[in-house]
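# Need coordinates for the following:
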Amino acid sequence: MYSAVLPIQIALIMPNAPRTKRIEAVIDSGAGRCLFHANFASAIGLDLKSGEREILNGIGGPEEVWLHDILLYTYGGPIQICAGFKENLPLAALLGMNGFFDHFNLTFEGAALQCTMDRIRLS
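I've put the predicted structure just below:
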């Protein structure tokens, strides 16, 4: 499993939706989906528990996550993803396989402690 840190912003999927302030997210090759701390849901105007409920089985056992479609602003422009919002996430954001890795080719160079990203452009 590899990880790296990337500055991002998130917003609702609607015209002129305000973005959150820049936050640092961990890119994690071992994470199944993108997760954000629940506090960001209210910061961008979401009712946390109005989303689809999902139970994730992580290191700490089963945990409740609420799914919402959001825009993720990062390298190469915005991308639409389905993200989970979790109340006890120990960090601000986690970028995982489903949602983030779908849009980028990532190369982790463990010895150099580097991660390179290339945006996938679909025609």
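# next one: the longest strand out of those in the chain to chain centre, how far?
Longest strand in the chain by number of residues (criterion: DSSP state E): strand 61-74. Chain-centre distance of strand 61-74: 7 Å, with CA atoms, centre = their mean, to the nearest Å.
# Give me the mean pLDDT for it.
For strand 61-74, mean pLDDT is 94.
# So for the following helix or strand past it, what gets flagged as buried?
Using DSSP states H and E, the next helix or strand after strand 61-74 towards the C-terminus is strand 77-86. By neighbour count on 16 or more other CB atoms under 10 Å, the buried set for strand 77-86 is I79, I81, A83, G84, F85, K86. All C-beta atoms are positioned from the backbone trio N, CA, C, and that covers glycine.
# In terms of pLDDT, where does the residue lying farthest from the centre of the chain sit?
Using CA atoms, centre = their mean, the residue of the chain lying farthest from its centre is A111. It sits 25.4 Å away. A111 is assigned 77 on the pLDDT scale.
# give me the element it is part of.
With DSSP H and E as the test, A111 turns up in no helix or strand.
# I'd like to know how far it sits from I10.
For A111, the distance to I10 (CB to CB, to the nearest Å) stands at 32 Å.
# what does G58 give?
With CB to CB as the criterion, G58 and I10 are 21 Å apart.
# Next: N57.
Distance from N57 to I10, by CB to CB: 25 Å.
# Check A83 too.
Applying CB to CB to A83 and I10 gives a distance of 8 Å.
# which residues are common contacts for the two?
Shared contacts of A83 and I10, defined by CB atoms under 8 Å, 6 or more residues apart in numbering, comprise F36, I70, L72.
# looking at the sheet around the second one, what are its partners?
Judged by DSSP bridges, the bridge partners of I70 are L12, I81.
# Next, the distance between the ends of stretch 14-32.
Using CA to CA, to the nearest Å, the end-to-end distance of stretch 14-32 comes out at 26 Å.
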